[in-house]
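Student: predicted model and sequence below, questions to follow.
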Amino acid sequence: MSKPARAVGIEIAGVNLSYGSTHVLKNVELSVRPGEFFAFLGPSGCGKTTLLRLIAGFAQAQTGQVLLDGQDVAPLPPWKRDVGMVFQSYALWPHMTVAKNVAFGLEERRLPRTEIDRRVAEALDLVGLSDYAGRRPAQLSGGQQQRVAVARTIAIEPKVLLLDEPLSNLDAKMRVSVRRELRALQQRLGLTTIFVTHDQEEANTICDRIAVMDAGTIRQVGTPMELYENPANLFVASFLGSANILGDGDGISVPAGKRLVFRPQHATLSSVDGVPLRGPVTHREFLGATVRYGVRVGGSEILIETPFQSGAELRTVGDMVGVALPPERMLYLPA
Amino acid sequence: MALAGTRSGGQAVLALTIALFLGVFLVVPVATVVYVAFTEKGGGGLTLVNFLDFARTDLFVRSFWNSVYVSAMTVVWASALALPLAYLTTRFEFRGAMLVQTLGFLPLVMPPFVGAVAMQLLFGRNGSVNLLLDEWFDFKIGFMEGLNGVIFLQAIHYFPFILVNLSAALRNIDRSMEEAAQNLGSHGLRLFRRIALPLALPGFIAGASLVFVKVFDDVATPLLLNVKEMLAPQAYLRITSIGIDDPMGYVISVVLIGVAVATMWASAQVLKGKDYATTQRGGGGLARRKLKPRESALAYAVVILILALVLAPHVGLLLLSFATVWSFSPLPDGYTLAHYARVLGDSSVYIKNTLLYSSLAAGIDVVIGGAIAYLVLRTKLPGRQWLDWAASTALAVPGIVLGIGYLRAFYGVKMPDGTPLAALWIVIVLAIAIRRLPYALRAAYAALQQISVSLEEAAENLGATKARTVRRIVIPLMTGGLLAGFVTSFATAAVELSAVLILVQSNSDAPLAYGLYVLMQTPAGRGAGAALGVIAVVIVAICMGLAQLAADRSQRARGLDI
């Protein structure tokens, strides 16, 4: 465990999964590289947790393949996959001590007692909970419980690590520190890791690459910056950060089937003359470093964020303004 | 201020009335039993000599250990029946699950003593099963020999208590608990043993302790199987054969109470700090797996075997009620309706009495239970919690002990015409009412807890007084729940025997359960006894159906079903 394990890649090809008449995963294709910290990002109900459970063996696809290290895992039941999963609820067994929880997977593998003891100690040391081995889960804080869940999973030296919304049961302050710990641990172990979340900030800050999911499909895969700078569609553009979206009805012309998309901070307010995008200011919010204006353009309302400089003159509600936009910041995206 | 004064004044009067009732009909009789057990015969001072006598009498010591053995073995066998069923119904997609769940109501429909004689005819030394075994395979099994018979009968009757509690506990385990174990390499029975079962332990203990106490306190079942050397039967025999002045019956009663309290205390100790409420937001119960064809066949075989055992007393009772002669043969020699004619003719007084006693007792329970629930949940009356505790202690008082207490406490109280109070039939009704009160109380709590306080506050805000709010808002909304409580109390009161056994003074005052017990004693009376049993089962089954209906209805009426 202390030595980085040989990292393993994950290939998902042509996966379709339905529960009754609900089509939960639609033709999913995905490739996770060995050693990568990968995120499934999307709103609730988009199928991200189902995809994770499919890899762990808790869901069965109607079509398609899941390959771990090049091998199809379909015939393997969950207990033979060596895929470590940390559950959203942590799923720590309340009738066992912390050490017993961590030892469980090793006992199931019928390892010798001395080996089990050594690896339990190592795993608890790795998450900084050596002093808590004899406690019951109920006696630990949320953050500590989460670390026990991680220790329990990495103790079996899994091929890949799956994290199902691991931060959602923690308070806001804890989340920031725990996500850094998770990242550091993953780097140290060199373990291929998939992280499921609906929070774009979590995904952006710790993951190498992200698959953005919506309604059972993967809408785009890329690094956080790629997704932000070059979103492939309106969904990705608006899910990662805020985006203004304008179409034909708003007094501009766009290519057929596409819309004009730009970020609020990329536009500036100008005089009305000679600018195609213009309209009245509908509201103004002071945010500290920036000032956010709402402007009605055609039938839509857009947001413009300008840096705040003391002494600079601000627009007031009702002023007619133009919206200036550098051409390289204009994206024409399909739905 | 004046208004508040009269308001809590009315509540205080209500609370005092209930306290008086519980005091006279529960606390005084039980205290009398305890007091007599600790006083010298003939009214001397306090002493432990009676308990020494108890410990020095071989018969009592033997009876005590027999009772412990029978109760413990019943728990073991009941668990052996309940465990596979609980595993099947919670872990697998299994069509038989509904069937298994309905088994949970059977012990309420028919207490074990009712089917005792019928079971003797089916499983006894010369019963149907052994005759067939002897003919085909040349051996017999001593299902019903001595203590084994009691264990066999009690296990069949009481395993659903364990099944229901255990299955509920298993279903409440969050599925991630089990998935995490699978993820770490565990599966199948091993997974069940290491994760699911320990997490369901609280449910199991709750069911097991209930079974232990019920079996320990049962008088009629051992007696009908001709087993006298058990503790509860000894208490009954001692009082009826030697008289109400003999201290031994009281000492045994105190031991019975002690065992009941100790069992409940021990189960509470074991469960301390084991509140494994694991169901999480968005979680479901254990994941269910489809059975493979071979497993499915095995599962059905197990369920059908257990079901056959559970239904055996009912089937035997039905056969017996129609049998002309049934002895030394697998099935009766011939069939007749004569037993029903006899029961509906001469013995119809039993049925009439049962209907009268049960409705009175259930009525008392619902009124007192509803009032206590209201006082505890909706008022700030000091000491209101005591009413709840007092009413609930009835759970720890065995029926035979309550009966003995009534006899002792009320025999000296004479009516104007000189008959002792304890000889009046109304005393039987009161004893039954006290026995069933804890159940009616739970039903009333459940009904009241579903009503939002704001509904009452709205009525008060619009000018209704407390009393009028209760009448116009609380009672109408509680009706469904109270009705369900009434019918359940009624049904279980109809087959109550252990308290009644000792209080019945003449046949004309006897309820159905008593008549059945007396008739079953003689071979000539068995047929009629069985017919009474069938009638009791039908009455109870109809009531259970009605209770379910009432509960469903009131849920729907308030739009609570989803």
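Tutor: That came through fine. Quick caveat: nothing in here was measured; it's all calculated off a predicted structure. Residues are numbered from 1 along each chain as shown, chains lettered A, B, ... in the order given.
Student: next one, pLDDT for residue B:380 please.
Tutor: Predicted confidence (pLDDT) for residue B:380: 83.
Student: return the backbone torsion pair for it.
Tutor: phi -110, psi 20 (degrees, to the nearest 10).
Student: repeat for the one 10 residues further on
Tutor: For residue B:390, the backbone dihedrals (degrees, to the nearest 10) come out as phi -60, psi -50.
Student: domain assignment for chain A?
Tutor: A:10-237, A:243-334 (automatic domain parsing).
Student: and those domains, which is most packed in?
Tutor: Looking across those with neighbours counted as mean count of other C-beta atoms under 10 Å in any protein chain shown, the highest average goes to domain A:10-237: a mean of 19. Yep, even glycine has a C-beta here, placed from its N, CA and C like the rest.
Student: quick one: average pLDDT of it?
Tutor: Per-residue pLDDT over domain A:10-237 has a mean of 90.
Student: any residue of it up close to chain B?
Tutor: Yes. For domain A:10-237 and chain B, the contact criterion (C-beta under 8 Å from any C-beta of the partner chain) is met by A:56-58, A:77-81, A:83-85, A:87-89, A:91, A:93-95, A:104-105, A:108-109, A:152-153, A:156.
Student: name the element the one residue in the stretch 101-250 of chain A that gets nearest to chain B belongs to?
Tutor: Ranked by C-beta to the nearest C-beta, the top residue of the stretch 101-250 of chain A for proximity to chain B is residue A:105, at 3.2 Å. Assigned by DSSP states H and E, residue A:105 belongs to helix A:98-108.
Student: so what does that helix touch, helix or strand wise?
Tutor: Packing contacts for helix A:98-108, counted by 3 or more C-beta pairs under 8 Å, 6 or more residues apart in numbering or on different chains; DSSP states H and E, involve helix A:113-126, helix A:142-154.
Student: which helix is the longest one in chain B?
Tutor: The helix that spans the most residues within chain B, counting by DSSP state H, is helix B:58-91.
Student: briefly note if that helix comes near chain A.
Tutor: No. Shown here: helix B:58-91 not in contact with chain A (C-beta under 8 Å from any C-beta), separated by at least 14.7 Å.
Student: picking that back up, show me what the helix holding residue A:105 is in contact with.
Tutor: A:79, A:92-93, A:96, A:115-117, A:119-120, A:123-124, A:129, A:132-137, A:140, A:148, A:151-153, A:155-156, B:181, B:184-186, B:190, B:194 (C-beta atoms under 8 Å, 6 or more residues apart in numbering or on different chains).
Student: and the host helix or strand of residue B:265, what other elements does it pack with?
Tutor: If you go by DSSP H and E, residue B:265 is part of helix B:248-271. In terms of contacts (3+ C-beta pairs under 8 Å, 6+ apart), helix B:248-271 is packed against helix B:28-37, helix B:49-56, helix B:58-91, helix B:197-217, helix B:231-242, helix B:399-411.
Student: so how far is the fifth one from its chain's centroid?
Tutor: The offset between the C-alpha centroid of helix B:231-242 and the centroid of the whole chain comes to 21 Å, using C-alpha atoms, centre = their mean, to the nearest Å.
Student: now the angle between helix B:58-91 and it, please.
Tutor: On the basis of axes from the mean of the first three to the mean of the last three C-alpha atoms, to 10 degrees, helix B:231-242 is oriented at 140 degrees to helix B:58-91.
Student: closest point of chain B to chain A, which residue?
Tutor: residue B:184 (3.2 Å).
Student: can you get me a residue count around that residue?
Tutor: 27 (other C-beta atoms under 10 Å in any protein chain shown).
Student: tell me the contacts of it?
Tutor: Applying C-beta under 8 Å, 6+ apart, the residues near residue B:184 are A:79, A:84, A:104-105, A:108, A:152-153, A:156.
Student: and with 6 Å instead?
Tutor: A:104-105, A:156 (C-beta atoms under 6 Å, 6 or more residues apart in numbering or on different chains).
Student: give me the sheet partners of the host helix or strand of residue A:25 and which way each runs.
Tutor: Element membership for residue A:25 (DSSP H and E) is strand A:22-32. Strand A:22-32 has these partner strands in its sheet, going by DSSP bridges: strand A:10-19 (antiparallel).
Student: so what touches the strand it pairs with?
Tutor: Against strand A:10-19 from outside (C-beta under 6 Å, 6+ apart): A:24-25, A:27-32, A:61-68.
Student: and of the residues you listed, the nearest to residue B:249?
Tutor: Of all these, residue B:249 sits closest to residue A:24, with 68.6 Å by C-beta to C-beta.
Student: wait, the closest one touches residue A:47, no?
Tutor: Yes. Shown here, residue A:24 and residue A:47 form a contact pair, counting by C-beta atoms under 6 Å, at 5.0 Å.
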